[in-house]
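Engineer: Here is my input; please provide its structure:
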Amino acid sequence: MSAVEVGVRHPISYEQRGSRAGIRARGNDVLFARITPCLENGKVALLPAIIEPTGGSTEFIVIRPTPAVDPAFLYYWCLHPDVRNNAQHQMAGVTGRMRLVARQATLVG
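Structural biologist: Predicted structure coming up:
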């Protein structure tokens, strides 16, 4: 989670994970924070196209663009206040520990 900084397009670090627990991502994937307050603060990152498959915090949802979607567009779309506000309204859990569940989330209205 600390590798993604608010307002910085790419993570400041990433590592190969192999079979360890955590998310699986690859180049051009967008990482979208799913836990409060990171989602509200806009923790979103675009993985550089040239990296090897990587792993990371389970507190991110991996959003993978199709070939028809520009990864940079998807990154900026995820930063839009309407998208993040919609995601916030779908969070579940107790106050202070709320999370967005990827299988249930609909980020478009």
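Engineer: ok, now which ones touch the residue nearest the centre of the chain?
Structural biologist: Compute the mean C-alpha point of the chain, and by CA atoms, centre = their mean the closest residue is Phe32, 1.6 Å away. Counting by CB atoms under 8 Å, 6 or more residues apart in numbering, Phe32 makes contact with 39, 44, 60-63, 78, 87. Backbone N, C-alpha and C define where each C-beta goes, glycine included.
Engineer: leaving aside the residues next to it on the chain, what's closest to it?
Structural biologist: Spatial nearest neighbour of Phe32, chain neighbours left out: Ile61 (4.6 Å); criterion: CB to CB, 6 or more residues apart in numbering.
Engineer: how close does Ser13 sit to Ala45?
Structural biologist: 11 Å (CB to CB, to the nearest Å).
Engineer: Which residues are in contact with each of those two?
Structural biologist: Counting by CB under 8 Å, 6+ apart, the residues touching both Ser13 and Ala45 are Ala3.
Engineer: So between the two, which is more surrounded?
Structural biologist: Ala45 (25 against 10; other CB atoms under 10 Å).
Engineer: wait, that one sits on Val6?
Structural biologist: No - judged on CB atoms under 8 Å, Ala45 makes no contact with Val6 at a distance of 9.8 Å.
Engineer: The nearest residue to Pro53 once chain neighbours are set aside: neighbouring residues, count only.
Structural biologist: When the adjacent residues along the chain are set aside, Pro53 lies closest to Arg26, with 4.6 Å between them (CB to CB, 6+ apart). When neighbours are defined as other CB under 10 Å, Arg26 has 13 of them.
Engineer: got a pLDDT number for Arg26?
Structural biologist: Looking at Arg26, its pLDDT reads 89.
Engineer: Please tell me the pLDDT value assigned to the residue nearest to Thr36 when sequence neighbours are not counted.
Structural biologist: Using CB to CB, 6+ apart and skipping residues adjacent in sequence, the residue nearest Thr36 is Met98, 4.5 Å away. pLDDT recorded at Met98 is 89.
Engineer: same thing with Glu59?
Structural biologist: 86.
Engineer: what are the phi and psi angles of it?
Structural biologist: Backbone torsions of Glu59, given as degrees, to the nearest 10, read phi -90, psi 10.
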